[in-house]
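> missing the sequence, but the structure's below:
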């Protein structure tokens, strides 16, 4: 009976969280989408994923129509989960704008529910409810949703509590299958936004080490978790990490962090702006909010008064301090000397991690046991959240606009191959050109991963395919591989192929490199390992 009542109470709390948060999505109930920094880029990327899947280019890595049809390897570097989901929904007839709003809405609505379940394992129900609202209505969630349009980031952040829930429950119950679920969800964190994955990974390591030590859970469970997390997502993160040297990403990631530090006051209280750089007039405001800051102070005072600081709370405090320190200009020497930090791009991005950690800290601090205090704090969070709902333009475009997107979905062109002289500014006159010799050519097929032509050469000829080179592109003349030239100073980064006299079928094929093939095999092996482990556990305990 107790279990039944607890289930009913949990269901009521979930419904309460759901409907309160639903109020803040009213902008999504009309046609079109609010104007954001990256919204158009995400929807254009949806269209690119769809084209790749229709062409059976799986896993998608090459974007054939971006960069004025010269193509780019953008899908090799951008978190794929939202693109995969968008493709399935689009094939069912759902528009890109509806998909974009749907994914943002789901992310926003599940975030507090996941946090409530996780915190219920660590603290009292009343503190878990407070933590859920503190996370769900965090200013950083609204920043991602209504200002940046950062779909991958908000989705990834929102599923972090679910991974923590299964891992914590697995540790407490010493249940291997829950660790496997935690590993699968953690792999999805990486696949929905690798920046969030990279940011949360050190915390996950520290958290698991502490919890496994506390509950005397076998260390082998943690090892299986990391194998699955990194293994399932290997097809994406291994090529993205090791092949970034073939792009201009280093130019983008270099020193951009210097322009994105914020002040301590701006971290707490700043007018809600929309410009990409927080230091510009009307700049965006990555902050924890005044109510969040007050609750943080109350939690610190509560801990000091109780004179109780467990190891887990100490870990959260230390990590929170790091998250609040790194966005400040005083941390510049740290950014300068720890090169890996530059992969995070923007110092203020650590406020996103802080938005996950603050509810955990507040719940562990046990600042309230009275419903009236909980009601007042929730009311304050809700009132503050209304300040973050923008009065911005609503933009509506048909699917064709996104499917014919001309430029790049990487804001700074960071996925442009290093052999090129930059992004293109106009369409080529034709897909194939005869740049040397006497010949004629006919394009017979153009798919994402394959370009097929018939070349009738009266003399030896040099053919220019107006497609950017990137490792994986190979050329075949009458099914025989032939060298590709892409470093000709007159055709920087553009694929050219020498064709002998005669009538030939010339095919360009984008194939998996050895590195990508190994990464794909690791992913397939990890998925099979996860399935096999589940079946073994089920058989053993059935």
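Received it, and whenever you're ready, just let me know what you need. The shown structure was predicted, so the numbers you read here are calculated from the model rather than taken from an experiment. Residues are numbered from 1 along each chain as shown.

> and the residue nearest to residue 85 when sequence neighbours are not counted, what pLDDT?
Nearest residue to residue 85, sequence neighbours excluded (CB to CB, 6 or more residues apart in numbering): residue 103, at 6.7 Å. Using the backbone N, CA and C atoms, a C-beta is placed for each residue, glycine as well. Residue 103 carries a pLDDT value of 98.

> okay, domains of the chain per the record?
Residue ranges for the domains of the chain, per automatic domain parsing: 2-389, 432-511.

> right, so those: which one is the most enclosed?
domain 2-389 (a mean of 19; mean count of other CB atoms under 10 Å).

> would you agree residue 144 falls within a helix?
Yes. Under DSSP: H, G, I helix; E, B strand; the rest coil, residue 144 sits within a helix.

> ok, residue 454 - contacts?
For residue 454, the contact set (CB atoms under 8 Å, 6 or more residues apart in numbering) comprises 441, 442, 444, 503, 504, 505, 506.

> need the max-distance pair from the residues you listed.
Largest separation among those by CB to CB: 444 and 503, giving 12.9 Å.

> which SSE is residue 10 in?
helix 2-22 (DSSP states H and E).

> brain fart, residue 467
Per DSSP H and E: strand 461-468 holds residue 467.

> let me know the average pLDDT across the helix holding residue 10.
82.

> mind listing residues that contact that helix?
With CB under 8 Å, 6+ apart, helix 2-22 has contacts from 108-109, 112-113, 116, 120, 125, 129, 132-133, 136-137, 382.

> what sits against the nearest residue to residue 296 once chain neighbours are set aside?
Computed as CB to CB, 6+ apart, the closest residue to residue 296 that is not its neighbour in sequence is residue 358, at 6.4 Å. The neighbours of residue 358, taking CB under 8 Å, 6+ apart as the test, are 134, 135, 138, 288, 292, 295, 296, 320.

> sticking with the first one, tell me its helix or strand.
Secondary-structure assignment from DSSP H and E places residue 134 in helix 125-136.

> between that helix and helix 2-22, how many degrees?
Between helix 125-136 and helix 2-22, the angle comes out at 30 degrees (axes from the mean of the first three to the mean of the last three CA atoms, to 10 degrees).

> show me what helix 125-136 is packed up against.
Secondary-structure packing of helix 125-136 (3 or more CB pairs under 8 Å, 6 or more residues apart in numbering; DSSP states H and E): helix 2-22, helix 96-120, helix 290-306, helix 350-365, helix 371-385.

> want to throw those into a markdown table with distance to residue 226?
A markdown table is the format used below for these (distance: least, CB to CB, whole Å):
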| stretch | distance to residue 226 |
| --- | --- |
| helix 2-22 | 30 |
| helix 96-120 | 19 |
| helix 290-306 | 31 |
| helix 350-365 | 19 |
| helix 371-385 | 35 |
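
> for residue 471, which of the ones you listed is the nearest?
It is, among those and with distance given as CB to CB, helix 96-120, at 29.8 Å.

> what angle do helix 2-22 and the closest one make with each other?
Orientation of helix 96-120 against helix 2-22 (the same axes, to 10 degrees) gives an angle of 140 degrees.

> which residues touch residue 300?
Residues near residue 300 by CB under 8 Å, 6+ apart: residue 365.

> so how far is residue 326 from it?
Here residue 300 is placed at a distance of 20 Å from residue 326 (CB to CB, to the nearest Å).

> what's the answer for residue 123, then?
Counting by CB to CB, the separation of residue 123 from residue 326 is 27 Å.

> got it, and residue 465?
Counting by CB to CB, the gap from residue 465 to residue 326 is 45 Å.

> what is the longest helix anywhere in the chain packed up against?
For the chain, the longest helix by residue count, based on DSSP state H, is helix 514-541. Packing contacts for helix 514-541, counted by 3+ CB pairs under 8 Å, 6+ apart, involve helix 176-192, helix 219-232, helix 234-242.

> ok, residue 76 touching residue 241?
No. Applying CB atoms under 8 Å as the test, residue 76 and residue 241 come out as separate, 10.7 Å apart.

> in the stretch 351-500 of the chain, which spans are strands?
For the stretch 351-500 of the chain, applying DSSP state E, counting those that start in this stretch gives strands covering 394-395, 432-436, 439-446, 450-457, 461-468, 473-477, 480-482, 494-499.

> how far off centre is stretch 269-282?
Centroid separation between stretch 269-282 and its chain, computed with CA atoms, centre = their mean, to the nearest Å, is 23 Å.

> contact partners of that stretch?
By CB under 8 Å, 6+ apart, the list of residues contacting stretch 269-282 reads 37, 147, 259-262, 266, 283-287, 289-290, 293, 348, 387-388, 390, 392.

> then stretch 387-406?
By CB under 8 Å, 6+ apart, the surrounding residues in contact with stretch 387-406 are 24, 27, 30-36, 39-40, 43-44, 46-48, 50-51, 65-66, 68, 90, 95-97, 139, 142-143, 146-147, 272, 274, 427.

> show me the residues you listed that map onto helices.
Short answer: the contacts of stretch 387-406 in helices (DSSP H) are 39-40, 43-44, 46-48, 50-51, 90, 96-97, 139, 142.

> which residues touch the closest residue to residue 227 other than its chain neighbours?
Nearest non-adjacent residue to residue 227, counting by CB to CB, 6+ apart: residue 526, 6.9 Å away. Contact analysis of residue 526 by CB under 8 Å, 6+ apart lists 227, 228, 231, 232, 234.

> quick one: residue 526 and residue 318, what's the gap?
Residue 526 is 32 Å from residue 318, by CB to CB.

> and what of residue 182?
Plainly put, residue 182 is 23 Å away from residue 318 if you go by CB to CB.

> give me the most central residue, the protein.
Most central in the chain under CA atoms, centre = their mean is residue 193, positioned 1.6 Å from the mean C-alpha point.

> touching, that residue and residue 78? I think so.
No. The pair residue 193 / residue 78 is not scored as a contact, 9.3 Å apart, by CB under 8 Å.

> who touches both of those two?
With CB under 8 Å, 6+ apart, residue 193 and residue 78 have common neighbours residue 152.

> would you list the phi and psi of the closest residue to residue 285 other than its chain neighbours?
Among residues not flanking residue 285 along the chain, residue 270 sits closest, at 4.3 Å (CB to CB, 6+ apart). In terms of degrees, to the nearest 10, the main-chain angles of residue 270 are phi -150, psi 140.

> now residue 270: how far from residue 322?
21 Å.

> so what's the residue sitting furthest away from the middle of the chain up against?
The C-alpha centroid of the chain is most remote from residue 458, which lies 51.0 Å away (CA atoms, centre = their mean). The neighbours of residue 458, taking CB under 8 Å, 6+ apart as the test, are 437, 438, 439, 501.

> swap in residue 443?
Contacts of residue 443 by CB under 8 Å, 6+ apart are 430, 431, 432, 451, 452, 453.

> how close does the third one get to residue 55?
Translated: residue 432. In this view, residue 432 and residue 55 are 19 Å apart by CB to CB.

> any chance of CSV for the helices and strands packed on helix 514-541, columns distance to residue 406?
Shown next, in CSV, are the helices and strands packed on helix 514-541 (distance: least, CB to CB, whole Å):
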stretch, distance to residue 406
helix 176-192, 27
helix 219-232, 35
helix 234-242, 24
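
> let's see the pLDDT reported for the nearest residue to residue 238 once chain neighbours are set aside.
Leaving aside its sequence neighbours, residue 238 sits nearest to residue 519 (CB to CB, 6+ apart; 3.9 Å). With respect to pLDDT, residue 519 has a value of 98.
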